[in-house]
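[1] compute the structure for the input listed below.
(4 chains)
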There are 4 protein chains.
Amino acid sequence: MSSNSFGKLFTVTTFGESHGPAIGCVIDGCPPGLALDAAEFNHDLQRRATGKSRHTSARREADEVEILSGVYEGLTTGTPIALLIRNTDQRSKDYSNIGQQFRPGHADYSYWHKYGIRDPRGGGRSSARETTMRVAAGVVAKKWLAERFGITVRGYLSQLGGITPAGFDWSVVEENPFFWPHAAQVPELEAYMDALRKSGDSVGACVDVVADNVPPGWGEPIYGKLDGELAAALMSINAVKGVEIGDGFASAMQKGTEHRDLLTPQGFASNHAGGILGGISTGQPVVASMVLKPTSSLRLPGESLDTAGNVVEVVTTGRHDPCVGIRATPIAEAMMALVLMDQALRHRAQCGDVGTITPRIPGQLDG
Amino acid sequence: MSSNSFGKLFTVTTFGESHGPAIGCVIDGCPPGLALDAAEFNHDLQRRATGKSRHTSARREADEVEILSGVYEGLTTGTPIALLIRNTDQRSKDYSNIGQQFRPGHADYSYWHKYGIRDPRGGGRSSARETTMRVAAGVVAKKWLAERFGITVRGYLSQLGGITPAGFDWSVVEENPFFWPHAAQVPELEAYMDALRKSGDSVGACVDVVADNVPPGWGEPIYGKLDGELAAALMSINAVKGVEIGDGFASAMQKGTEHRDLLTPQGFASNHAGGILGGISTGQPVVASMVLKPTSSLRLPGESLDTAGNVVEVVTTGRHDPCVGIRATPIAEAMMALVLMDQALRHRAQCGDVGTITPRIPGQLDG
Amino acid sequence: MSSNSFGKLFTVTTFGESHGPAIGCVIDGCPPGLALDAAEFNHDLQRRATGKSRHTSARREADEVEILSGVYEGLTTGTPIALLIRNTDQRSKDYSNIGQQFRPGHADYSYWHKYGIRDPRGGGRSSARETTMRVAAGVVAKKWLAERFGITVRGYLSQLGGITPAGFDWSVVEENPFFWPHAAQVPELEAYMDALRKSGDSVGACVDVVADNVPPGWGEPIYGKLDGELAAALMSINAVKGVEIGDGFASAMQKGTEHRDLLTPQGFASNHAGGILGGISTGQPVVASMVLKPTSSLRLPGESLDTAGNVVEVVTTGRHDPCVGIRATPIAEAMMALVLMDQALRHRAQCGDVGTITPRIPGQLDG
Amino acid sequence: MSSNSFGKLFTVTTFGESHGPAIGCVIDGCPPGLALDAAEFNHDLQRRATGKSRHTSARREADEVEILSGVYEGLTTGTPIALLIRNTDQRSKDYSNIGQQFRPGHADYSYWHKYGIRDPRGGGRSSARETTMRVAAGVVAKKWLAERFGITVRGYLSQLGGITPAGFDWSVVEENPFFWPHAAQVPELEAYMDALRKSGDSVGACVDVVADNVPPGWGEPIYGKLDGELAAALMSINAVKGVEIGDGFASAMQKGTEHRDLLTPQGFASNHAGGILGGISTGQPVVASMVLKPTSSLRLPGESLDTAGNVVEVVTTGRHDPCVGIRATPIAEAMMALVLMDQALRHRAQCGDVGTITPRIPGQLDG
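    Here you go, the predicted structure:
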């Protein structure tokens, strides 16, 4: 069926393969009157792009966005916004030898079993290239959320292999190629990545993402909860194997008196819940984490099969990230922004305009 | 908007509040010809029920299912199957004192801010009582998956506070009130829970769930991936704060050579991926974990506010589970079964009948 | 898949068979704070009920609505509203002889070919009994539309066999058992129906439905247009074979200068468009018509087949309407109300609150 | 919200404005393994194109389709198929004078009231230019339906102003610029259109569309009925004001004995039902009709208002069709093909593969 769309009311449909002529998306449901210009996509697309440091894949894509529809004289019109990016730096011949082989740990195997056919060039549809369009769509969501509610969505790398931040400062996150929140550790990270790259191996990582100024009341019980949709959104990112909200798995060892966030006249006294109770935002920062597995495209050989069932030893050439987590921060931000944008529209559909965050008098109709 | 439905093709819509007259669900999209009898719901509903041991809430509900539609002469007809359970053991007066107060860590606060009105009796719609209908719907999904594919979906408690299993044996999981996979630890768990209950506090837990015999090819990239939908499904369960697939968060510290599952003529050599690659099942067991926070309904007082903004000290009376994870195993199973059932139907919609798990010849139309 | 739900944001899921234990619906997405009482359903359910005059089926159902959820202390809470009606006057034995036969012109044949199984008692799921729940859900939509916008939705019988209204007066529509807008013709209609009933035959009819005070701007191009959704809604009613908006099929013979509605400072000079341009409401009355075929359940024998392929002569006993159009007026109203309610919520999701019907300044964000 | 997608499982999302840089669509859910080439779109796109005879608008678009994704080595892969057509013959200056005026009978007025902003060039999103992508998507659906089931979907002009066919022959429909089924009347139609064009006025029309070889069993009660979805699909076409299935509005005057289609061992004895009973296909030809209003873009002046509320006299220059019905035949075919394709996939999701059209043994699981 049709599962290339994300969001119920602010709906983003993406298309395109890694080495096809283009990738793109259609954003449907955007409120009218939002100023939008093709140049606004550059900042986040460059944050996500490969080829910016020696720690990511060497592929260099211009990632130039063309707005095909939905904007008139610089403003969104309420009709679908189509965005297009031409692929310019494919090297499909790198993949000729693996067209009939299954890379261990790669979607090669499962796509083949699902569809009986697949585009092997650069991973085809399963490539992280698809996330470019998530970031592009996220730019629109981020802008509306910021203008309308002052919401900011920010992320950072919270673990690289066994390394975790020894300090925290939002202001340094954008100053290093890892989105790392503690500047003093950057040399250590660079040395780690250099050694990893030389070894031909890859490693996992974690990314945290935080949204500030989200009004209370967003999220829809029971099956459209804010945390449920964040989990789906983050888990849909390539290589992600786990998602946490607030204290996440640490909650297993906590007592109720330890986990619950007390309420004071000055607001909540803590944020173990990650800004969500009963699937609905509380007004505190919304906090989520995700883990990305080590990428499976390795220069180190691995035993596998080909489509005929023969044993083969697979070595991946081509250009790949030794740690896909490094570039995942803007993607995680985009997915959180898309979830929040969608929930904002859903909230005002049922409960009246999203500016109205004060509890209404019971019995009084919204609006 | 409308978020009380789960699943795109096998769609379950639940309704009902903890202390309302009844809870129920409508299952739409069930294949015709499946034998179904009201008595078949008893087994899983009893596994989920409170009041079965001293370690769960004392509320005792008969949980008797009435089939209102969709079944004729013992067989499903393809029309919607409505199931109804009357609530029989409400004690709404227990909640009279908290009607205007927000329990710290509870959905009281966020429901109020979303809707401006809420049913405080037993948590209303936010109560785990809603999960009864998930388990009921899961019974139908489990049965079809078993009859059609031999799929089994089983879960167990994988962590209780700081205690983890010291051994593993599926055959003992159903033999103790904790769904614990190592019999020798049961006395330790009982002692732990007795002390916890006396203290008036609560604790977190983890549940693992595993599906065997899932054919390769189920799951829909990009935004309907099998792991993405499992994450949403499990995260939507009351108190869940994190979800993992396969190795989950442990992947952060793994190398690619360590994480990737090699392919041999005898099948995969390991299952770090948890049976899912690129969002599509591989044919290996599908493995997911979830963490449940400690419940927020405590006898120990906590500082909070009432709806007028006054400081109050909240003490929850009523009947509550000191560890909601204990009864969560059948709920996790049900959610995984609902996800698999839905993906099975979606797979055959696009790719032809689900029996066809051999890769098709490219260019050959399905069916 | 799952097609027993109607509406995207105000979603009504119906269930139940003609001779099953009960019929019901779940309304999801209703705004909170709407006063709602079980007695409010009576008026429209009685307008739709059989057994009220000799011109409709003799089946007498109490049609007593029980509200199972979603209402607390007389107000909707924003959680799903489940409504239940027990069936009380089934006579299933009337259908024992047609269980294996296909009534000509009846859904017997197509249900059998779709599902391979069907509930033959009273037509099972294909019975017009299902429309009871549409009318019930429509009551909620009508009430919200009236309170929030002053919208009224009213219908009338606009053709009975070859008879059309010779005059028009809204005030007499509810004064006769036909919903006929011209009182002087009622004796003629009664005589016509008496003769028809005696003959054992049935006849077709048309119903018109009109919504006043709909604000301009409701409806969503391209595939969620107001007229497109009205067409789907009305065509989904049992026996309906055609739908028109405004001038409908008469438009084929009109010139552009004749059809277009000129705009004056006092408003539109005419309403050929039926209140919809480009799929969006204009602020004029929304006008739709539908035609219902003559019912296929006849006492007059007809040649047919049984499930084994044998030739049979089918005679329908049981209790049936000789003209299903007579009771269709409240159903058509309900469907138009459900469409408008859904579009109201969808409009404010994208474009800000529905009270804001003045064109906004370009570049200015909604809300 | 997001209403630019059509279909639940075979989902077509269109984008683009009449005078924007491009129009396009994304087809999601297409079965893998279907041969597809950009050249295959030409035939139907040329049938729909303007500028082919003097009876349609003079705008000449190359309508060259670029396949951006979803096809690898000539076969669909199961991933989304994006199609792009660059606009090449816009003359936006023709519209500079009506940017602030509402053409009577045009979507100008309602778009403005909905969004507070609109793209006036060529009607922007409300232009029939959007239907180009429906026709393109319909080509894919038609091909799969033909290869998989031998289904053909064909249409013709069944009324032009007051003229109706005096004879019927499928073989001449494609031989004249009107899709008219009776060759002898073509000179009359040409003379009529020449006079109409000279007058500056426009006229309405009707189109019939027929699908042969549709298996019984497609369509989903209650709210996804085949006729309900056809009604929505056809009503969503620009200028359509009415839809009929089978005998349509003529059914109002029919008796039940006249309307019902008797069943014989040789099949149905007639097809008053238009191939649909209870919302499900019967195996007979599926027959639908639609009426298109006379276009509102006229050279003859009409009284109207501008956005400031001033009285204006509107004259439409630019290039327009005096009868939009003439080019509507391929659009109607495309919409019927899209509905059938979607229903085919939905049917096999719930009931097993669509080849299985023999009623199954009750109690036997599908597949």
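
[2] where in chain A is pLDDT low?
    Applying pLDDT under 70 to chain A flags residues A:1, A:92-97, A:353-367.

[3] count of residues packed around A:Thr76?
    A:Thr76 is flanked by 23 other residues according to other CB atoms under 10 Å in any protein chain shown. Where C-beta positions appear, they are placed from N, C-alpha and C, glycine not excepted.

[4] and if you look at A:Arg154?
    Considering only other CB under 10 Å, A:Arg154 is surrounded by 19 other residues.

[5] does stretch A:331-338 come close to chain D?
    No. Stretch A:331-338 stays clear of chain D (CB under 8 Å from any CB of the partner chain), getting no nearer than 12.5 Å.

[6] would you mind listing what in the stretch 51-200 of chain A touches chain D?
    Within the stretch 51-200 of chain A, the positions adjacent to chain D are A:66, A:68-70, A:72, A:75, A:77-82, A:84, A:114-119, A:124-125 by CB under 8 Å from any CB.

[7] for ChimeraX, what selects the buried ones among those?
    Buried members of these, defined by 16 or more other CB atoms under 10 Å in any protein chain shown, are picked up in ChimeraX with:
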select /A:68,69,70,72,75,77,78,79,80,81,82,84,114,115,116,117,118,119,124,125
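
[8] can you narrow the residues of the stretch 51-200 of chain A next to chain D to ones near chain B?
    Applying CB under 8 Å from any CB to those, those adjacent to chain B are A:Lys114, A:Tyr115, A:Gly116, A:Ile117, A:Arg125.

[9] which pair of those residues spans the longest distance?
    With CB to CB as the measure, no two of these lie farther apart than A:Gly116 and A:Arg125, at 14.4 Å.

[10] so how far is A:Pro165 from the closest residue to A:Glu175 other than its chain neighbours?
    Closest residue in space to A:Glu175, ignoring its immediate chain neighbours: A:Ala183 at 6.9 Å, by CB to CB, 6 or more residues apart in numbering or on different chains. As for A:Ala183, its distance to A:Pro165 is 10 Å (criterion: CB to CB, to the nearest Å).

[11] check the burial of the residue nearest to A:Glu175 by counting its neighbours.
    A:Ala183 has 14 neighbouring residues, counting by other CB under 10 Å.

[12] isn't it right up against A:Asn176?
    Yes. Using CB atoms under 8 Å, A:Ala183 is in contact with A:Asn176, at 6.8 Å.

[13] nearest spatial neighbour of the single nearest residue of chain A relative to chain C, chain-adjacent residues omitted?
    Closest to chain C within chain A is A:Ala349: 3.8 Å, counting by CB to the nearest CB. Distances taken as CB to CB, 6+ apart put C:Ala349 closest to A:Ala349, at 3.8 Å, once the chain neighbours are dropped.

[14] which SSE is the one you found in?
    Under the criterion of DSSP states H and E, C:Ala349 resides in helix C:329-351.

[15] and that helix, what other elements does it pack with?
    For helix C:329-351, the packing partners by 3 or more CB pairs under 8 Å, 6 or more residues apart in numbering or on different chains; DSSP states H and E come out as helix A:329-351, helix C:42-48, helix C:131-149, strand C:152-160, strand C:205-212, helix C:226-235, strand C:286-292, helix D:108-115.

[16] report how many residues lie close to the residue of chain A closest to chain C.
    Around A:Ala349 there are 29 other residues, counting by other CB under 10 Å.

[17] wait, it sits on A:Gly29?
    No. Taking CB under 8 Å as the definition, A:Ala349 is not a contact partner of A:Gly29, at 10.8 Å.

[18] just the buried positions in stretch A:264-280, please.
    Of the residues in stretch A:264-280, A:Phe268, A:Asn271, A:His272, A:Ala273, A:Gly274, A:Gly275, A:Ile276, A:Leu277, A:Gly278, A:Gly279, A:Ile280 count as buried by neighbour count, 16+ other CB under 10 Å.

[19] can you tell me which of these is nearest B:Pro216?
    For those, the nearest to B:Pro216 is A:Gly279 (32.6 Å; CB to CB).

[20] which ones are touching the closest one?
    Contact analysis of A:Gly279 by CB atoms under 8 Å, 6 or more residues apart in numbering or on different chains lists A:Gly219, A:Glu220, A:Pro221, A:Ile222, A:Gly224, A:Lys225, A:Leu226, A:Asp227, A:Gly228, B:Ala107, B:Ser110, B:Ser236.

[21] what about chain C: which of these touch it?
    Near chain C, by the rule CB under 8 Å from any CB, you find A:Pro221 out of the contacts of A:Gly279.
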